[in-house]
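> Mind folding the following:
(chains A and B, ligands or ions: 1)
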Amino acid sequence: MKSDEWLMQRVQRGDDGALTQLFERYRGPLFGFLAQRVGDAAADDLFQETWIRVARARASFDPKKRFSTWLFQIANNLCRDRGRRTAVQRKHRDNVLLEHRNNPVPAHTAPTEDRLDVHRRLAQLPDKLREVIVLRYYHQFVEREIAEILEIAPGTVKSRLHTALKALRGQEGICHVE
Amino acid sequence: MSNDPRCDAVRAQLEEAFWSRLPLAAGDTNHFETCAACRTYGEELGGLGAQLASPEFAVSESVSARALGRARAALAVDGQAPPLPIGYGREFARLLIAALLPLPIVLAWNAALFNVVGDVLAGFVPELLLRIAAGGYVITAVGWAALLFGSIPFLAHRRATQSALR
Ligand SMILES: [Zn+2]
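Residues are numbered from 1 along each chain as shown, chains lettered A, B, ... in the order given. Sure, this is the predicted structure:
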């Protein structure tokens, strides 16, 4: 199987078959990432926008680096831009989660209740913490790659992961994030 | 963080396993077995991992088709003019410098040649013939220079592409 980076170099030369292959490889993980960052309704638009940027900005891809890191960097920047434009996303996401909570939950579904708690906590985290959790836990990027995607120092990633874990455990009042 | 460095080490390992979604295990099993605080921490992280199980998100076929269609269109629009490969600028500068460095020596050498040969030949070659020979020489030299400098963009492109593929 050809590597992502090899395919991306074909894309750089205008090969749309290579673009289709990369698309098939990454559509699931990319959409999952966007949905976790901005909710699945908003993810539809950002998903399309990410792929358009991949095509338009293909010359800026450095084949010595990993394609996945570059792809998620584009996607994450779009999430951030969107976050700046609208603060509504968070409210909406919380409302959906609250709706879930307010529905009567039968006693035997206690684990779901726990899960809801953690996901609610995750949803309420500051963007800076949620993005490291999503990248590290759900997409299994290592700290160095997360640093590249978020364009921050590896040490900052480490400390954010530390804070994020505390917050998920319900141990941290997250007032300030480095 | 605790006061015992062994606790810190074990917890760091547990956290690493948690983030990597691996079965929680500590290198220092002796300590892990005997330290209630570390065991509790491991159980807590295990519980957290179970609760964090991946939410299911799926992109709809229509969104997927539209995204791919638009990306392919974007590729086709400016696909005719392939972008310059990464590292092109660096290769171009390197080759240009390599070509410019010996230029002063080449020019000085040619000027000296003109003077010396011109003086020698002036004694027995007619003026007109000498001018024609000098003109021919200059045209040839300029032609070689044009070929050399003109090939730099192409050479740089080839070198950058090759090093990118490596
Ligand atoms: Zn311990």
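
> CA atoms for contacts and neighbours, from now on please.
OK.

> Show me the domain layout of chain B.
What automatic domain parsing lists as the domains of chain B is B:5-78, B:88-165.

> all helices for chain B, in order.
B:5-19, B:29-34, B:36-51, B:61-77, B:88-100, B:103-122, B:127-150, B:152-165 (DSSP state H).

> and A:Val38, which of these is closest to it?
helix B:61-77 (16.2 Å; Cα to Cα).

> and that closest one, is it in reach of chain A?
Yes - using Cα under 8 Å from any Cα of the partner chain, helix B:61-77 reaches chain A at B:63-64, B:66-68, B:70-72, B:74-76.

> Contacts for that helix, please.
The contact list for helix B:61-77 (Cα atoms under 8 Å, 6 or more residues apart in numbering or on different chains) reads A:14, A:16, A:19-20, A:23, A:27, A:44, A:47-49, A:51-56.

> For chain A, which element, helix or strand, carries the lowest mean pLDDT?
helix A:88-102 (a mean of 50; mean pLDDT, DSSP states H and E).

> Establish whether the longest helix along chain A and chain B are in contact.
Taking DSSP H as the criterion, chain A has its longest helix at helix A:16-38. Yes - judged by Cα under 8 Å from any Cα, helix A:16-38 and chain B are in contact via A:16, A:19-20, A:23, A:27-28, A:31-32, A:35.

> out of the residues you listed, which are buried?
For the residues of helix A:16-38 next to chain B, a burial check counting by 16 or more other Cα atoms under 10 Å in any protein chain shown picks out A:16, A:19-20, A:23, A:27, A:31-32, A:35.

> Tell me where the model's unsure across chain B.
B:1-2, B:26, B:78-83, B:85-86, B:161-166 (pLDDT under 70).

> returning to that earlier point: just the C-alphas of the helix or strand just after the longest helix of chain A, formatted as CSV.
Per DSSP states H and E, the first helix or strand lying C-terminal to helix A:16-38 is helix A:40-56. What follows is helix A:40-56, C-alpha atoms only, in CSV (Å, rounded to 0.1, in the frame of the first residue of the first chain):
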residue,chain,number,x,y,z
ASP,A,40,-21.6,17.0,14.1
ALA,A,41,-23.9,19.5,12.5
ALA,A,42,-21.1,22.1,12.1
ALA,A,43,-18.6,19.3,11.2
ASP,A,44,-20.3,18.8,7.8
ASP,A,45,-19.1,22.2,6.6
LEU,A,46,-15.7,22.1,8.1
PHE,A,47,-15.2,18.6,6.7
GLN,A,48,-15.8,19.9,3.2
GLU,A,49,-13.7,23.0,3.8
THR,A,50,-10.8,20.9,5.1
TRP,A,51,-10.6,18.8,1.9
ILE,A,52,-10.9,21.9,-0.3
ARG,A,53,-7.9,23.3,1.5
VAL,A,54,-6.0,20.1,1.1
ALA,A,55,-6.4,20.5,-2.6
ARG,A,56,-5.7,24.2,-2.7
